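Chemist: when you get a sec, could you give me coordinates for this:
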Amino acid sequence: MVRRVLVVATVFCLWAASAQAQPQIKKEPIKPVNASDAGAMFQSYCSPCHGKSGRGDGPAAAAMKKTPADLTKISARNGGTFPDVKIKRYIEGLDEVSAHGSRDMPVWGELFRALSRDTAQIRVQALSDYLKSLQ
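Modeler: Down below sits the predicted model:
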């Protein structure tokens, strides 16, 4: 009986230790950023997963099942051409990115949907242009 309790206790401790080692994504309220500052929008909305430089190494990346894309290689993955329309559709949430999960992702989708169409389009264009500058 004592041996069984020790085995169960050991298994529980190993499980608890591995559960603690698993990184967790901390959700924070969305903070609006000036639409004219694409770099600030990227840092606020994209860098938690994609990293400050866009290489897929943000602080939340370790907690994700699939490594976030390296956004500096979008053109390279598309025959050397930046796919403007495709990227805008991803940003707007019109086309799904499997790593982003449901339509509620990217995480700032909720913010964009709450904005007027014109304001949202300004943000989408600015983010698309910013991503193009990272290539």
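Chemist: show me the shaky parts of this structure.
Modeler: 1-25, 97-110 (pLDDT under 70).
Chemist: which SS class is the most centrally placed residue in the chain?
Modeler: Geometric centre of the chain, nearest residue: residue 49, 3.9 Å, by C-alpha atoms, centre = their mean. Per DSSP: H, G, I helix; E, B strand; the rest coil, the secondary structure class of residue 49 is helix.
Chemist: do residue 56 as well
Modeler: Residue 56 - assigned by three-state DSSP - is coil.
Chemist: residues contacting the residue nearest to the centre of the chain?
Modeler: Taking C-beta atoms under 8 Å, 6 or more residues apart in numbering as the criterion, residue 49 is in contact with 56, 58, 60-61, 64, 68. Quick note: C-beta positions are derived from backbone N, CA and C, even for glycine.
Chemist: from residue 118, how far out is the closest residue to it other than its chain neighbours?
Modeler: Leaving aside its chain neighbours, residue 49 sits nearest to residue 68 (4.3 Å; criterion: C-beta to C-beta, 6 or more residues apart in numbering). Residue 68 is 29 Å from residue 118, where distance means C-beta to C-beta, to the nearest Å.
Chemist: who's more crowded, those two?
Modeler: residue 68 (22 against 7; other C-beta atoms under 10 Å).
Chemist: pull the contacting residues for that one.
Modeler: Contacts of residue 68 (C-beta under 8 Å, 6+ apart): 49-51, 56-58, 61, 99.
Chemist: out of the residues you listed, who's nearest residue 128?
Modeler: Comparing the contacts of residue 68 against residue 128 with C-beta to C-beta places residue 50 closest, at 14.2 Å.
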